[in-house]
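Undergrad: Have a look; sequence and predicted model below, questions after that.
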Amino acid sequence: MTSPLVFPRTDASIVADDGDSLTFCSTCAFSQACLSEGMDKRALMDLHVLVEHVGPLRAGEHVFREGDPFGAIAAVRAGTVKTYQIDRNGHEQVLGFHLPGEVIGLNAIHGDRYPCNAIALDTVMLCRFSFPKIAMLATRLPNLQQHLFKLMSHDIGVASLFARDNTADERMAAFLIGLSRRLAARGFSPRRFQLTMARTDIANYLRQAPETVSRVLRRFEKDGLLHIKQRDVEILDLPRLEALALTVLRE
């Protein structure tokens with residue numbers, strides 16, 4: 001039995017994995033919604049839904065910036081994208097980290113400009129979808145429309161996760177379990193992965209001090225919950241970590 005891939009997948013096959021005329025690439029964010037309607041990629045092309053492949057983007061390159069005109073949403077195909085805003089005092093506020101199969105740009109739908117910045121944290125490949133075209137397609141495909149609504153609803157839910165008054169341990173456990181589950185859903189190992197974001201970014205996202213993040217990770221390692229070496233994480237006791245995350249994730 002082949003072991004699950006350890007994120008981030010570094011081999012070149014992900015770049016070449018474009019499916020074929022009848023199948024979707026392995027990280028397509030919309031394939032299930034469209035296939036459930038009995039449509040394959042060829043049918044989508046016939047409906048003039050143009051998917052633009054973007055990348056590779058290198059670490060530090062922006063996908064879009066706050067205030068840029070909105071015309072497309074993008075699905076992450078490989079790598080990690082960070083979304084963030086700059087407040088009136090010039091301080092960065094991390095909004096999220098987007099993994100393969102996840103969509104960025106949904107929070108711009110209500111306006112005509114992107115309300116945040118999106119930046120590559122490592123080598124990133126994207127599929128960009130013209131929003132007017134995919135919105136038109138969604139009127140013909142109820143499942144695709146429902147999928148878009150679900151993605152938007154999910155974004156709202158994730159944004160509120162760390163707004164509550166939870167302990168530093170609970171927040172970190174929820175962050176790690178969230179990553180584990182999202183990666184597992186795309187075929188990666190749920191127990192071994194690399195943190196592609198800096199600890200300062202994790203701290204910002206969790207609304208904690210960087211030293212708190214480092215202290216909690218050391219404590220988790222001492223308690224046998226995980227092993228961490230630089231950015232490489234191995235979850236050793238998944239049930240205990242999930243139990244600790246429960247108050248944040250609210251299953």
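TA: Thanks, I have the structure now. Residues are numbered from 1 along each chain as shown.
Undergrad: Could you pull up phi and psi at the closest residue to Phe64 other than its chain neighbours?
TA: For Phe64, ignoring the flanking residues on the chain, the nearest one in space by Cβ to Cβ, 6 or more residues apart in numbering is Tyr114 at 4.8 Å. For the C-beta atoms, the positions are set from N, CA and C on the backbone; glycine is no exception. The phi/psi pair for Tyr114 (degrees, to the nearest 10) reads phi -70, psi 130.
Undergrad: mind checking pLDDT for Tyr114?
TA: We have a pLDDT of 94 for Tyr114.
Undergrad: From Ala78, how far off is it?
TA: 22 Å (Cβ to Cβ, to the nearest Å).
Undergrad: likewise Arg207?
TA: From Arg207 to Ala78 the distance is 29 Å (Cβ to Cβ).
Undergrad: ok, now Met197?
TA: Distance from Met197 to Ala78, by Cβ to Cβ: 16 Å.
Undergrad: More neighbours: which of these two?
TA: Taking other Cβ atoms under 10 Å, Met197 and Ala78 do not tie; Ala78 has more neighbours (24 against 18).
Undergrad: Looks like the more buried one contacts Met125 (just checking).
TA: Yes - counting by Cβ atoms under 8 Å, Met125 is a contact partner of Ala78 at 4.2 Å.
Undergrad: Find the residue at the geometric middle of this protein.
TA: Residue closest to the average C-alpha location in the chain (Cα atoms, centre = their mean): His98, at 2.2 Å.
Undergrad: ok, the residue lying closest to it once chain neighbours are set aside - contacts?
TA: In space, His98 comes closest to Val81 once its chain neighbours are excluded; the distance is 4.4 Å by Cβ to Cβ, 6+ apart. By Cβ atoms under 8 Å, 6 or more residues apart in numbering, the contact list for Val81 reads Val63, Phe97, His98, Ile104, Ala118, Ile119, Ala120, Leu121, Val124, Leu126.
Undergrad: Could you work out the most separated pair of these?
TA: Phe97 and Leu126 (14.8 Å; Cβ to Cβ).
Undergrad: Neighbour count: these two, which is higher?
TA: Neighbour totals were compared for Phe97 and Leu126, and Leu126 leads with 26 against 23 (other Cβ under 10 Å).
Undergrad: Check the more buried one and give its pLDDT.
TA: Leu126 is assigned a predicted lDDT (pLDDT) of 91.
Undergrad: List the buried residues in the helix or strand harbouring it.
TA: According to DSSP states H and E, Leu126 maps onto strand 124-130. In terms of neighbour count (16 or more other Cβ atoms under 10 Å), strand 124-130 has its buried residues at Val124, Met125, Leu126, Cys127, Arg128, Phe129, Ser130.
Undergrad: any idea of the mean pLDDT in stretch 180-188?
TA: For stretch 180-188, the mean pLDDT works out to 89.
Undergrad: Export that stretch to CSV, keeping only CA atoms.
TA: Provided in CSV are the C-alpha atoms of stretch 180-188 (Å, rounded to 0.1, in the frame of the first residue of the first chain):
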residue,chain,number,x,y,z
SER,A,180,-4.5,17.7,9.0
ARG,A,181,-8.1,17.3,7.8
ARG,A,182,-7.9,19.7,4.9
LEU,A,183,-4.7,17.9,3.6
ALA,A,184,-6.2,14.5,4.1
ALA,A,185,-9.2,15.5,2.0
ARG,A,186,-6.8,16.1,-0.9
GLY,A,187,-4.9,12.8,-0.5
PHE,A,188,-2.0,14.0,1.6
